[in-house]
Every structure is written in C-alpha cells, then in structure tokens.
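A.B. asks: Provide a 3D model corresponding to the input given below.
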Amino acid sequence: MTEKDWSIGAWAKALGHGLAYAQHLGDKVTEWGFEKMKEAGEKSPAKQEKNAYAARAKKAGRSALSLIGELGRAYYDRYEELKRREGR
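C.D. replies: Numbers count the residues shown, from 1 in each chain. Purely as a prediction, here's the structure:
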C-alpha cells in the first residue's frame, strides 16, 4: 500500500467503523442484560419463603427487575424505530 492509500480520511473511516461496532456490541450486551432482568423478575421463586418480610422483599426485587427489563426493552424498541426513520 502506498502512503496515499492510508490518508487521514482512510484512518478516520476505519476508526469510525471500529467505534460503530463497539457501540453496537455495547447496545447488544445492554439489551441482553435488560432481557435477563425481565426474565428474572418474571420467574416465581423456587421455594416459599417462611419469613413474610423476606418474601415481600424478594417480590419487590423481582418486580423491580421486571420493570427495569421492560423499560430497557421499550427503550431499545423505540431507539431502533427512530434509527430506521432517519434512514441510518
């Protein structure tokens, strides 16, 4: 390759593409995490908790996980829709 082939523009384009892949990977990992939170929040406990306070705390925790998972799913659904509208 000649020096001209690796101009500033070529380096910028290569770096930009790399950053786009990194962003995409980050989005997919985050999306996966939200889905796992939602699934964890929807699962019923394997055993019944004898302590009423602990049972309520676990139920609240599952509800919070489910809410965060749904929130993430809604965010990524809308985000993808907006990107499609802009033609990206």
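A.B. asks: Helices along the chain, start to end?
C.D. replies: Assigned by DSSP state H, the helices in the chain fall at 8-42, 52-86.
A.B. asks: could you give me the average pLDDT of the last one?
C.D. replies: Along helix 52-86, the predicted local confidence has a mean pLDDT of 89.
A.B. asks: That helix to helix 8-42, inter-axis angle?
C.D. replies: 150 degrees (axes from the mean of the first three to the mean of the last three CA atoms, to 10 degrees).
A.B. asks: which strands and helices sit next to helix 52-86?
C.D. replies: For helix 52-86, the elements it packs on are helix 8-42, judged by 3 or more CB pairs under 8 Å, 6 or more residues apart in numbering; DSSP states H and E. In short, each C-beta sits where N, CA and C put it, glycine included.
A.B. asks: Centre of the chain to the helix it packs on, how far?
C.D. replies: Between the mean C-alpha location of helix 8-42 and the chain-wide mean there is a distance of 8 Å, by CA atoms, centre = their mean, to the nearest Å.
A.B. asks: That helix packs against which elements?
C.D. replies: Applying 3+ CB pairs under 8 Å, 6+ apart, we find helix 8-42 packed against helix 52-86.
A.B. asks: Return the set of buried residues in the helix it packs on.
C.D. replies: For helix 52-86, burial by neighbour count (16 or more other CB atoms under 10 Å) applies to 62, 65-66, 68-69, 72, 76.
A.B. asks: Alright, I will stop here.
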